[in-house]
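Let me see the structure of the following:
(2 chains)
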Amino acid sequence: MLQHRNSLIATFLAVVSRDVAIAFRHLNEIFHPALFFIITVSLFPLAISPDPMFLQKLAPGIIWVAALLATLLALDGIFHSEYEDGTLELLVLSPHPLSILVIAKVCSHWLITGLPLLLIAMGLGIMLNLPRSAFSAMLLSLLLGTPAMSMIGAIGAALTVGLRKSGVLLALIIIPLYVPVLIFGTSAIQAAALQTNWAGQIYLLAAILILCLTLAPFAIATALRISLN
Amino acid sequence: MGDSYRIIFIHAPSAWMSMFTYVVMAVAGATGLIWRIKLGHAVARACAPLGAVFTFCALVTGALWGKPTWGTYWIWDARLTSELVLLFLYFGYMALISAIEDKRTASRAAALLAVVGLVNIPIIHYSVEWWNTLHQGSTVTRLARPAMDIEMLIPLLIMFAAINFYFIASLFNRVRCELLDQERQTQWVKNLVHKHQMNGQAHG
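Just a heads-up that it's a prediction; the model follows:
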């Protein structure tokens, strides 16, 4: 039993370190979503207004919508190369539960694409004139929200993995499910910007993340089995 | 309000059916997914367009009702917004079905999506409601309807029954088409088509 558990943890870590190592050898996997995030955010002042007071009001929404789209864009490729080279089938056939292994996949994917967004959001917050009191709320809400979005989005990515053009389809099926995360994430930052209590929103985001961590892996595993037949 | 209150006889049943149909779709899909019953998948696939139409009706009638009551076609009211998200969920389901070529895989993938959506719908609904009260608290009290008069309640209940029967009849029709399409290679369908053609020639 102990042996088995150890080997499960070892496999989990092996999957994570493999994916992170691959990402560090193809740095565009890390940079593309991050660049997309910056470029999308910088469109808003151009499209709406450069007025600092106005931007301050819109900043939470802009940052969250852009982070949501960047996560979604990055998720399109989470299982793709593994599907093409057959690694995915090996993961499905491995003696370890697939639901645990997909947590490893999503974890490493979040480390590669989600974590950089947090660092960039700091800079974007300054550019959008976000009040200083809102920065911790922004970081915390993104820290809890982006992994939840990765988990939910991975269900869609697993369902569409075999399809040739999956990008728009993935967005279509997944964005409606992102609504709660978006609402609580932006309202946490807004509440912090108004210097009111924002703990409630963070608790709700944490609850959503825990729900995603417990239920989504089963859905992702089932979805992968369906896609691979 | 004048005659505009009559919209409620379409609006309320459609809004109810839009959610009910999603539940039927997800349960039927789960039945197909878990016990591998083809009929479950056929029912789930047949539900999707019906549910989308109900949701669309609820949105359009809601907007038309909004014009005389709120003075505008659209406000980001909690119920309208969650109906809109529900419509997106139906569209996502149908998009996934049509994107996957193999029909069996498509049905199973879409069934899983419907189940995930079913788990999410309460969360979406309450988060939207909470978001709405945060941003415009007054509309909620404006929306709270007074206790309904019996003269209005009876036609409303009749409409509820009617739209349910419409749903059942339409669903059965669609499931019949789905099954015929699914079994088109089998002998009994060929016999059926042959018989139908013979009848048609006899009458023609």
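
Pull the number of nearby residues for B:Met94.
One way to gauge burial is a neighbour count; for B:Met94, by other C-beta atoms under 10 Å in any protein chain shown, it gives 18. Yep, even glycine has a C-beta here, placed from its N, CA and C like the rest.

Apart from its neighbours in sequence, what residue is nearest it?
The shortest distance from B:Met94 to any residue other than its chain neighbours is 5.2 Å, reached at B:Ala48 (C-beta to C-beta, 6 or more residues apart in numbering or on different chains).

So the one you found sits against B:Met25, correct?
Yes: at 6.1 Å, B:Ala48 counts as touching B:Met25 under the criterion of C-beta atoms under 8 Å.

related to what we said a few turns ago, so which strand or helix has the residue nearest to B:Met94?
helix B:38-70 (DSSP states H and E).

So for that helix, mean pLDDT?
With pLDDT averaged residue by residue, helix B:38-70 scores 91.

And it, what's buried?
B:40-48, B:50-55, B:57-59, B:61-63, B:65-66 (16 or more other C-beta atoms under 10 Å in any protein chain shown).

which strands and helices sit next to that helix?
Helices and strands touching helix B:38-70, as assessed by 3 or more C-beta pairs under 8 Å, 6 or more residues apart in numbering or on different chains; DSSP states H and E, comprise helix B:8-35, helix B:78-99, helix B:103-135, helix B:150-182.

Taking helix B:38-70 as reference, get the angle to the third one.
For helix B:103-135 against helix B:38-70, the angle by axes from the mean of the first three to the mean of the last three C-alpha atoms, to 10 degrees is 30 degrees.

Return the distance of helix B:103-135 from the chain's centre.
Here helix B:103-135 shows a centroid-to-chain-centroid distance of 13 Å under the convention C-alpha atoms, centre = their mean, to the nearest Å.

list the helices and strands it packs on?
Right, helix B:103-135 is packed against helix A:135-159, helix A:179-193, helix A:199-228, helix B:8-35, helix B:38-70, helix B:78-99, helix B:137-143 by 3+ C-beta pairs under 8 Å, 6+ apart.

Mind putting the ones you listed into a markdown table with distance to B:Ile158?
What follows is these, written out as a markdown table (distance: least, C-beta to C-beta, whole Å):
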| stretch | distance to B:Ile158 |
| --- | --- |
| helix A:135-159 | 41 |
| helix A:179-193 | 35 |
| helix A:199-228 | 40 |
| helix B:8-35 | 9 |
| helix B:38-70 | 17 |
| helix B:78-99 | 23 |
| helix B:137-143 | 24 |
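
So which of these is nearest B:Thr186?
helix B:38-70 (12.3 Å; C-beta to C-beta).

Enumerate the residues of chain A near chain B.
A:155-156, A:159-160, A:162-163, A:166, A:169, A:172-177, A:179-180, A:183-184, A:187, A:204, A:208, A:211, A:215, A:219, A:222-223, A:226-227, A:229 (C-beta under 8 Å from any C-beta of the partner chain).

filter these to the buried ones?
Judged by 16+ other C-beta under 10 Å, buried ones among these: A:155-156, A:159-160, A:162-163, A:166, A:169, A:172-177, A:179-180, A:183-184, A:187, A:204, A:208, A:211, A:215, A:219, A:222-223, A:226-227.

State the distance from A:Gly86 to A:His26.
Using C-beta to C-beta, to the nearest Å, one gets 19 Å for the distance from A:Gly86 to A:His26.

whoops, I mixed them up, A:Ile38
Remark: distance between A:Ile38 and A:His26 (C-beta to C-beta) = 20 Å.

neighbour count winner among the two?
Set A:Ile38 next to A:His26 and count neighbours by other C-beta under 10 Å: A:Ile38 wins out with 16 against 11.

Name the nearest residue to that one, sequence neighbours excluded.
Setting aside the residues directly before and after it, A:Ile38 is nearest to A:Ile120 in space (C-beta to C-beta, 6+ apart), at 6.1 Å.

go on, B:Asn132?
B:Ala78 (3.7 Å).

So what's the residue count around the one you found?
B:Ala78 - counted by other C-beta under 10 Å - has 21 other residues nearby.

quick one: pLDDT of it?
With respect to pLDDT, B:Ala78 has a value of 83.

residue contacts, it?
B:Val128, B:Glu129, B:Trp131, B:Asn132, B:Thr133, B:Val140 (C-beta atoms under 8 Å, 6 or more residues apart in numbering or on different chains).

and what of A:Leu73?
A:Leu73 makes contacts with A:His32, A:Pro33, A:Phe36, A:Gly167, as judged by C-beta under 8 Å, 6+ apart.

Out of the residues you listed, which one has the weakest pLDDT?
For the contacts of A:Leu73, the least confidently modelled position is A:Gly167, at 81, judged by pLDDT.

From B:Ile158, how far out is that one?
In this structure, A:Gly167 and B:Ile158 are 47 Å apart, going by C-beta to C-beta.

remind me which residues of chain B are low pLDDT?
Within chain B, the ranges that satisfy pLDDT under 70 run B:1, B:135-148, B:204.

try it again with 80
Applying pLDDT under 80 to chain B flags the ranges B:1-5, B:69-70, B:133-150, B:200-204.

If you drop the residues flanking it in sequence, what lies closest to the residue most central in space within it?
Most central residue of chain B, judged by C-alpha distance to the mean C-alpha position with C-alpha atoms, centre = their mean, is B:Gly51 at 1.4 Å. Distances taken as C-beta to C-beta, 6+ apart place B:Thr21 nearest to B:Gly51, at 3.5 Å, with adjacent residues excluded.

I only care about the contacts of B:Ala78 that end up buried; give me the PyMOL line for that.
Below is the selection syntax for PyMOL that covers the buried ones among the contacts of B:Ala78, with 16+ other C-beta under 10 Å defining burial:
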select buried, chain B and resi 128+129+131+132
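
quick check, nearest of the contacts of B:Ala78 to chain A?
When those are ranked by distance to chain A (C-beta to the nearest C-beta), B:Trp131 comes first, at 4.5 Å.

Enumerate the positions of stretch A:143-159 that are buried.
Within stretch A:143-159, the residues scored as buried using 16+ other C-beta under 10 Å are A:143-159.

quick revisit: ok, now which ones touch the residue nearest to B:Gly51?
B:Cys47, B:Leu50, B:Gly51, B:Phe54, B:Phe167.

can I get these in a markdown table with distance to B:Ile100?
Shown next, in a markdown table, are the contacts of B:Thr21 (distance: C-beta to C-beta, whole Å):
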| residue | distance to B:Ile100 |
| --- | --- |
| B:Cys47 | 18 |
| B:Leu50 | 21 |
| B:Gly51 | 19 |
| B:Phe54 | 25 |
| B:Phe167 | 26 |
